[in-house]
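>>> need a structure here:
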Amino acid sequence: MMRDISHAAHRLWRAFVLSTAGEAGFTATETSIAMGIVGVLAAVGISTVNFGSQELTTIQFEFQASLQQAFLLAHAQGRNVIVALGNPNEPGILPVRMPSRIKWGKLDGVPMPPGMAPTKRAGETGQAHARITVTPRHTATASAWFVNDGRDVVCMRVSGRGHIQVLRWRKSTRKWSLC
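Residues are numbered from 1 along each chain as shown. Have a look, this model is predicted:
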């Protein structure tokens, strides 16, 4: 009985293999052409996508890290620490390095971030104060820095209580968003 079941299963399997053997799949040439077309479409699609400026992302992380380092140094040393954007030549100033393609200021047509009063100086020059002083009591010079890459804008704000807020204006969405 067991042998009959095994023999019947073998016959069914053989019939299936023989029935599908005559059906053709895709040839190597057809597969290569299809993959080539997919590759071209993917390259065209990726070239039209804007992933955002890496330089703006870099400076926003650099800004946050420099301010956090300044707060830690001020607390540990018991004295004020100064943070400045760019490459200051003075010793004792923590620099926030600015990539070469990044420019100071807010672009024309970009509104001020929500809850921020219009400021001529920060909007035009890119900064309300060129330097931010951080104290051991976790307070800071209230300031706003604007930088742009010609398309998007990053607004870096520090409150007098040392609260850091980084916002980004994306031209594609025409909205400010928290970073």
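
>>> only C-alpha atoms from now on, for both contacts and neighbour counts.
Noted.

>>> which ones are touching Val83?
Going by C-alpha atoms under 8 Å, 6 or more residues apart in numbering, Val83 touches 66-67, 70, 93-96, 131-134.

>>> closest to Ala140 out of these?
Each of those was scored against Ala140 by C-alpha to C-alpha, and Val134 proved nearest at 4.4 Å.

>>> grab the nearest non-local neighbour of the closest one.
Distances taken as C-alpha to C-alpha, 6 or more residues apart in numbering put Ala140 closest to Val134, at 4.4 Å, once the chain neighbours are dropped.

>>> tabulate the CA atom coordinates of stretch 142-153 in CSV.
Extracted in CSV, the C-alpha atoms of stretch 142-153 (Å, rounded to 0.1, in the frame of the first residue of the first chain):
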residue,chain,number,x,y,z
ALA,A,142,19.3,85.0,22.8
SER,A,143,20.1,84.9,19.1
ALA,A,144,19.0,83.7,15.7
TRP,A,145,21.2,82.6,12.8
PHE,A,146,20.0,82.1,9.3
VAL,A,147,21.9,80.2,6.6
ASN,A,148,20.9,79.0,3.2
ASP,A,149,22.1,77.0,0.2
GLY,A,150,20.3,79.1,-2.4
ARG,A,151,17.2,76.8,-2.2
ASP,A,152,16.4,75.9,1.5
VAL,A,153,17.0,77.9,4.7
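
>>> what residues sit buried inside that stretch?
Neighbour-count burial for stretch 142-153, counted by 16 or more other C-alpha atoms under 10 Å, picks out 142-149, 152-153.

>>> much appreciated, bye for now.
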